[in-house]
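In: What shape does this take:
(4 chains)
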Number of protein chains: 4
Amino acid sequence: MYTNKVEIRVRYAETDQMGYVYYGNYATYLEVARVETIRSFGISYKALEEMGVMMPVLEYKTKFIRPAKYDDLLTIVVVIKTLPNVRFTFDYEIYNEQNQLLNVSETTLVFVDATTMKPTPAPQNVISALKEFF
Amino acid sequence: MYTNKVEIRVRYAETDQMGYVYYGNYATYLEVARVETIRSFGISYKALEEMGVMMPVLEYKTKFIRPAKYDDLLTIVVVIKTLPNVRFTFDYEIYNEQNQLLNVSETTLVFVDATTMKPTPAPQNVISALKEFF
Amino acid sequence: MYTNKVEIRVRYAETDQMGYVYYGNYATYLEVARVETIRSFGISYKALEEMGVMMPVLEYKTKFIRPAKYDDLLTIVVVIKTLPNVRFTFDYEIYNEQNQLLNVSETTLVFVDATTMKPTPAPQNVISALKEFF
Amino acid sequence: MYTNKVEIRVRYAETDQMGYVYYGNYATYLEVARVETIRSFGISYKALEEMGVMMPVLEYKTKFIRPAKYDDLLTIVVVIKTLPNVRFTFDYEIYNEQNQLLNVSETTLVFVDATTMKPTPAPQNVISALKEFF
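Out: Numbering: from 1, shown residues only, chains lettered A, B, ... in the order given. The predicted model follows:
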């Protein structure tokens, strides 16, 4: 298992007239948390794309428990429960500064070869970086 | 059961460098489809909020089957399978102009009294407008 | 001179906690108005990109006069005052349903050859489509 | 004069299919830079709103010199050239990690009393915090 924490400050642009973060904007927070988690074990997602590997999202499930609000400093706890193969699943919990649980999410991505646009196994550098945690 | 179709044209702003619609932007498409579906049976979501009823999203699940691309004219098929009570669930399928299925999603919203911020049953005008379909 | 009108409905996602359309979202409205204006004289921006011509924005100026609000059906009046050369300038006025002027904007784009990434004159099909209006 | 620097990492969501940051997303970067600049001299924009003072944008001008790209760590230099009165003007320059100038912008905001929705002079705590720099 691999765990990481990422902090994100809520932007005004991300609120809606309900005074909450718009539900669609959590996907961006999860993207940032995912990319910073990958960086934390030594891989740059940008470099993966430059190597010809893309990671589109296949599936995304999210439960909204309490609203995030403007200027909140959110903590996103990211958990990787299994070593990636062709697919790579991330679990997330989002907390506010009062340590209240706001959101629970799961995303499944797929490694895709940018030339053939076909699914492909996780690159060796990703597996090498992660395998000591599993 | 109540079914409705809504068309949305993909904006440049909604694409990402993969050349696809960014996965987080589907939530906005579903919002538009939901609001236009509510309008199609005679209810304005804006008027609901002005009456003091809000509808935040509780849960959202989405599967990405094929990518939506810039300038695609998408058709979103919205299905309401059960009369709302405190919760209101919508199912969606998104198709492109070649009638390929791109995405399957489900959202569950909750009616909230804007004064007390507590869950509340669906307003009578929503039930009246929908009950002939169930 | 070439003039066109485009209608856009404000989405919930585009509001902020002030209850107005977030100032950054007007750029997307102008993009939609621009693309539909180009389509109105017979050119598809998507086809231009597929031909190897891109049109990044060089300059953008905007004045916010009154706020746009959720569910407003906006009318964007687009004016092309001069035939494009390497640059292409669009002027915009945005009105709400009460015909109140909400916003006045100007954008200047540049034609870029996608292979060399250098500025290039407007494609011949754009000039041919527009020259009868000037 | 008051100057401040703010760093922002480009998110995947903010790119478009040209492979650049979408031109509309710079407005959000400027918002973050503005709010962090206000925080740097001791004022919370969130607290201003809670006190009943809002700051909508009146005018925004921006020039795009070079593109910002995915994962770039941008530095935004914010300059306040004059003490605010009813209006508050910020100037910005955005640089990438190679210290290349990407963007030059200016925004003018107005202080608005949230009760009357009328323009109002800058709150005393804003003036007190800033006056030593002018």
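In: check whether stretch A:20-28 contacts chain B.
Out: Yes - using CB under 8 Å from any CB of the partner chain, stretch A:20-28 reaches chain B at A:20, A:22-28. The way it works is simple: take the backbone N, C-alpha and C, and place the C-beta from them, glycine included.
In: My error: substitute stretch A:7-19 in the last question.
Out: Yes - counting by CB under 8 Å from any CB, chain B is contacted by stretch A:7-19 at residue A:18.
In: Give me the contacts around the longest helix seen in chain A.
Out: In chain A, assigned by DSSP state H, the helix with the most residues is helix A:26-40. The contact list for helix A:26-40 (CB atoms under 8 Å, 6 or more residues apart in numbering or on different chains) reads A:2, A:4, A:6, A:8, A:14, A:44-45, A:60, A:62, A:64, A:68, A:74, A:76, A:78, A:80, A:90, A:92, A:94, A:103, A:105, A:107, A:109, A:126, B:22-24, B:27, D:9, D:11-13, D:71.
In: Could you check how far residue A:50 is from residue A:114?
Out: According to CB to CB, to the nearest Å, residue A:50 and residue A:114 sit 10 Å apart.
In: Looking at the two, which is more packed in?
Out: residue A:114 (15 against 10; other CB atoms under 10 Å in any protein chain shown).
In: With adjacent residues omitted, what lies nearest to that one?
Out: Spatial nearest neighbour of residue A:114, chain neighbours left out: residue A:52 (4.5 Å); criterion: CB to CB, 6 or more residues apart in numbering or on different chains.
In: just checking, the one you found touches residue A:116?
Out: No - judged on CB atoms under 8 Å, residue A:52 makes no contact with residue A:116 at a distance of 9.6 Å.
In: Between those two, point out the one with more neighbours.
Out: Between residue A:52 and residue A:116, counted using other CB under 10 Å, residue A:52 has the larger neighbour count: 13 against 9.
In: if I look at that one, how far off is residue B:66?
Out: Counting by CB to CB, the gap from residue A:52 to residue B:66 is 21 Å.
In: Likewise for residue A:34?
Out: Applying CB to CB, the value for residue A:34 to residue B:66 is 22 Å.
In: what about these two, which has more around it?
Out: Each of residue A:34 and residue B:66 has its neighbours counted (other CB under 10 Å); residue A:34 has more, 24 against 14.
In: For the more buried one, report the pLDDT, please.
Out: On pLDDT, residue A:34 comes in at 98.
In: what do you get for residue A:115?
Out: 94.
In: Pretty sure it sits against residue A:52.
Out: Yes - applying CB under 8 Å, one finds residue A:115 in contact with residue A:52, separated by 6.0 Å.
In: Need the outlier residue of chain A, farthest from its centre.
Out: Going by CA atoms, centre = their mean, the residue of chain A most distant from its centre is residue A:17, 26.1 Å out.
In: rewinding a little: among the contacts of helix A:26-40, name the ones in strands.
Out: A:2, A:4, A:6, A:8, A:60, A:62, A:64, A:74, A:76, A:78, A:80, A:90, A:92, A:94, A:103, A:105, A:107, A:109, D:9 (DSSP state E).
In: Now the fourth one: closest residue in space that isn't a chain neighbour?
Out: Okay, so that is residue A:8. Using CB to CB, 6+ apart, the closest residue to residue A:8 is residue A:74 (4.9 Å).
In: Give me the distance between the most centrally placed residue in chain A and chain C.
Out: Most central in chain A under CA atoms, centre = their mean is residue A:34, positioned 2.8 Å from the mean C-alpha point. In this view, residue A:34 and chain C are 22 Å apart by CB to the nearest CB, to the nearest Å.
In: Check residue A:76 too.
Out: Counting by CB to the nearest CB, the gap from residue A:76 to chain C is 21 Å.
In: And the pLDDT for that residue?
Out: 98.
In: quick revisit: how about the contacts made by the residue nearest to residue A:114?
Out: Contacts of residue A:52 (CB under 8 Å, 6+ apart): A:113-115.
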